[in-house]
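Trainee: Predicted model, plus sequence, below.
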Amino acid sequence: MTPYGMASQSQVKNQQLWWQSGIIYQIYPRSFQDSNADGIGDLQGVINRLDYLKWLGIQAVWLSPIYPSPMADYGYDISDYQGIHPIFGSMDDFDQLLEEVHQRGMKLILDLVPNHTSDQHPWFLESKSSRDNPKRDWYIWKDALPDGSEPNNWLAMFGGTAWEWDETTQQYYYHAFLKEQPDLNWRNPEVREAMMNVMHYWLKKGIDGFRVDVMWHMVKDAHFRNNPINPDYQPHQATVDQLLAVYSTDQPEVHDIVRQMREVLDAYEERMMIGEIYLPVHKLVTYYGENGSGAHLPFNFQLLNLPWNATQLAAAISQYEGALPEYGWPNWVLGNHDQPRITSRVGLQQARVAALLLLTLRGTPTIYYGDEIGMQDVPIPFSEVQDPQGLNMPDKNLSRDPARTPMQWNASTYAGFSSEKPWLRLSSTYRRLNVESEKDNPFSMLTLYKRLIDLRQKELSFTAGDYIPVYSDQQILAYKRTHENAPAFLIVLNLTHRPAYFKPEHDAFKGTIVLSTLPEEEGQEVDSYFALSGDQGIIIRLH
Ligand code: GLC
């Protein structure tokens, strides 16, 4: 069997590729599993937990960065694109991980951070060494304005100006994030070539794809014009939101680069690229590229930001479905390492309804580690905050640490994550909310996820079928998933805490409840009238 045997089989079955029919699972490596008692997760730890992911029904694992890094932004400041940070293990550990992932018929996706490097990366050290260094133009250097101030008004994502003054060479350099994360100059062909070589390096090793960090940031306005003031800015927002990032992000030239990256991937068999892109839907879909020559999956983050309201969600889903080009495969995300967890945005009960939504919508779902057991944001006392976004804007409650706490495996000391004190504190509730205690509990979040995943993966209507909106009001969101060669399903979700009633006027929906957030109701026959409890979601197999 070739390393791609599994995907090819599924392709024959329903003409889909692995990243279309399967589920992606994001691991934040620091927090998944420690194997060497330093309180920080590592690659051997991930290897030890692969059977769990296989059991859960995951197709692909995406690892947040594992490369050498001073960790100013916890690995998103890379000082060597082709190495492994010793904290996570060695290249041998990585090779073993890749092999073990493939042995289980799964795929491995790495984070690629092409927009910026660490300020400790040899490229930047060279670039800043003198104005005539051959790598000077690999980064974005500008003179001060006549009064000594920054070249323009651009702000950094993590607070303050985006320009840092360099005493030695008497110029500013641009950093969209921390000053320890200087932006590369993607208009320079040498930079492009260097990064394409990085991609080749990992693809030749056999990884199955990349999640490309801040894809929409990669090219900046050629004239570095000032960004306009955001008229809707609210004081609780990050300071960067005072301006609209009109000139600092999403420039037309970015699509050339994405296409170039795609060409690299297409030289290998069945590899894929996810783009991290926070943009409105009509702009997001341009990242599929002309005729699908761009990202395979521009991350669709709508469920992270929209108010938890049935009519708004129904509208957003249809808007997205309508905006997708015919070659664009959809995808959905409920959480990641930069956002509050779904449980902390909509509550524990609604997080169950959200799981039904994520796993029954059309397109590839990405699950953030721990969401499947209902992990909640953990309050981190200020003295323990690690995340630079939290440290730099302390009064805005923007730290991402609460959603990055160690995975809760069991009720033992340190939750089975480590034998030593973890780098970030554990949830105080881990003794009851953990994989082991939830595995055999028919009412747990984990059981709900597991059963949803099983259902999704065995029914063509979910993995490959159409999405048909049925109904929405202030409480209920209902839609159908259908496929010509398979049973159809009706999904009815109550997005509120109060009972809700739904009586379709024109259609008949006779069927059997095959899955419910209230398992007691499974097996019931329904016939065109639905009375749902608060926080209930049901999946009906239609007759
Ligand atoms: C992306 C990452 C985030 C990181 C930032 C800068 O948004 O997801 O964690 O801080 O890029 O690299």
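Mentor: Yep, it's here.

Trainee: Work out for me the element whatever residue of the chain ends up closest to the ligand sits within.
Mentor: Closest residue of the chain to the ligand, CB to the nearest ligand atom: residue 76 (3.3 Å). Quick note: C-beta positions are derived from backbone N, CA and C, even for glycine. Under the criterion DSSP states H and E, no helix or strand holds residue 76.

Trainee: need the contact list for it.
Mentor: 64-65, 69, 111, 113, 177, 181, 213 (CB atoms under 8 Å, 6 or more residues apart in numbering).

Trainee: among those residues, which are in reach of the ligand?
Mentor: Applying CB under 6 Å from any ligand atom, the subset of the contacts of residue 76 adjacent to the ligand comprises 113, 177, 213.

Trainee: Hmm, residue 312 and residue 306 touching each other?
Mentor: Yes - at 5.6 Å, residue 306 counts as touching residue 312 under the criterion of CB atoms under 8 Å.

Trainee: Any chance of a markdown table for the contacts of residue 76, columns secondary structure, neighbour count and distance to residue 289?
Mentor: Shown next, in a markdown table, are the contacts of residue 76 (DSSP: H, G, I helix; E, B strand; the rest coil; neighbours: other CB atoms under 10 Å; distance: CB to CB, whole Å):
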| residue | secondary structure | neighbour count | distance to residue 289 |
| --- | --- | --- | --- |
| 64 | coil | 23 | 25 |
| 65 | coil | 24 | 25 |
| 69 | coil | 25 | 30 |
| 111 | strand | 21 | 21 |
| 113 | coil | 28 | 20 |
| 177 | coil | 25 | 25 |
| 181 | coil | 25 | 26 |
| 213 | coil | 20 | 18 |
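
Trainee: nearest to residue 516, of the residues you listed?
Mentor: residue 64 (33.7 Å; CB to CB).

Trainee: Give me the pLDDT value at the closest one.
Mentor: With respect to pLDDT, residue 64 scores 98.

Trainee: Show me where the stretch 401-543 of the chain has its strands.
Mentor: 466-472, 476-483, 486-494, 500-502, 510-516, 525-527, 530-532, 537-542 (DSSP state E, counting those that start in this stretch).

Trainee: Put the alpha carbons of the last one into PDB.
Mentor: So that's strand 537-542. Output of strand 537-542 as PDB, limited to C-alpha atoms (Å, rounded to 0.1, in the frame of the first residue of the first chain):
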ATOM      1  CA  GLY A 537     -30.200  19.800  18.800                       C
ATOM      2  CA  ILE A 538     -31.400  16.800  16.900                       C
ATOM      3  CA  ILE A 539     -30.500  14.900  13.800                       C
ATOM      4  CA  ILE A 540     -33.300  13.100  12.000                       C
ATOM      5  CA  ARG A 541     -32.800  10.500   9.400                       C
ATOM      6  CA  LEU A 542     -35.600  11.200   6.900                       C
END
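
Trainee: Which residues does it contact?
Mentor: Against strand 537-542 from outside (CB under 8 Å, 6+ apart): 352-353, 356-357, 360, 455, 480, 487-494, 509-517, 521, 526, 530, 532.

Trainee: any idea of the angle that strand forms with strand 510-516?
Mentor: Counting by axes from the mean of the first three to the mean of the last three CA atoms, to 10 degrees, strand 537-542 points 140 degrees away from the direction of strand 510-516.

Trainee: What average pLDDT does strand 537-542 get?
Mentor: 97.

Trainee: Listing partners with orientation, what would you give for that strand?
Mentor: Strand 537-542 pairs in its sheet with strand 486-494 (antiparallel), strand 510-516 (antiparallel), by DSSP bridges.

Trainee: Mind listing what's buried along it?
Mentor: Within strand 537-542, the residues scored as buried using 16 or more other CB atoms under 10 Å are 537-542.

Trainee: quick one: that strand to strand 476-483, angle?
Mentor: 40 degrees.

Trainee: From the chain's centroid, how far away is strand 537-542?
Mentor: Taking CA atoms, centre = their mean, to the nearest Å, the mean C-alpha location of strand 537-542 is offset from the chain mean by 28 Å.

Trainee: And for the first one?
Mentor: Strand 466-472 sits 25 Å away from the centroid of its parent chain (CA atoms, centre = their mean).

Trainee: And the spatially closest residue to residue 259 that is not a sequence neighbour, its phi and psi?
Mentor: In space, and not counting its chain neighbours, residue 259 is closest to residue 293: 4.9 Å by CB to CB, 6 or more residues apart in numbering. Backbone geometry at residue 293, expressed as degrees, to the nearest 10, gives phi -90, psi 10.

Trainee: Past the helix or strand of the chain with the lowest mean pLDDT, which element shows up next along the chain?
Mentor: Ranked by mean pLDDT, DSSP states H and E, the weakest helix or strand in the chain is helix 5-14, scoring a mean of 41. Counting by DSSP H and E, the next helix or strand C-terminal to helix 5-14 is helix 18-21.

Trainee: packing partners for that following helix?
Mentor: When contacts are defined as 3 or more CB pairs under 8 Å, 6 or more residues apart in numbering; DSSP states H and E, helix 18-21 packs onto helix 5-14, helix 460-464.

Trainee: Now distance to residue 385 too, for the contacts of residue 76, in a markdown table please.
Mentor: Compiled in a markdown table, the contacts of residue 76 are given as follows (distance: CB to CB, whole Å):
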| residue | distance to residue 385 |
| --- | --- |
| 64 | 19 |
| 65 | 20 |
| 69 | 19 |
| 111 | 23 |
| 113 | 22 |
| 177 | 17 |
| 181 | 19 |
| 213 | 22 |
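
Trainee: Closest to residue 232 out of those residues?
Mentor: residue 177 (23.0 Å).

Trainee: quick one, what contacts the closest one?
Mentor: Here residue 177 is in contact with 73, 76, 116, 156-158 (CB under 8 Å, 6+ apart).

Trainee: The residues you listed: which two are farthest apart?
Mentor: It's 76 and 156 that sit farthest apart of those, by CB to CB, at 13.5 Å.

Trainee: Residue 35 - how many residues pack around it?
Mentor: Neighbour count of residue 35, defined by other CB atoms under 10 Å: 18.

Trainee: which residues does it contact?
Mentor: So residue 35 contacts 42, 44-45, 48 (CB under 8 Å, 6+ apart).

Trainee: how close does it get to residue 83?
Mentor: Residue 35 sits 19 Å away from residue 83, going by CB to CB, to the nearest Å.

Trainee: repeat for residue 340
Mentor: 32 Å.

Trainee: doesn't residue 325 make contact with residue 282?
Mentor: No - look at residue 282 against residue 325 with CB under 8 Å: they stay out of range, at 11.3 Å.

Trainee: circling back to that earlier point, now which of the contacts of strand 537-542 would you call buried?
Mentor: Here, 16+ other CB under 10 Å leaves 352-353, 356-357, 360, 455, 480, 487-494, 509, 511, 513-517, 526, 530, 532 buried among the contacts of strand 537-542.
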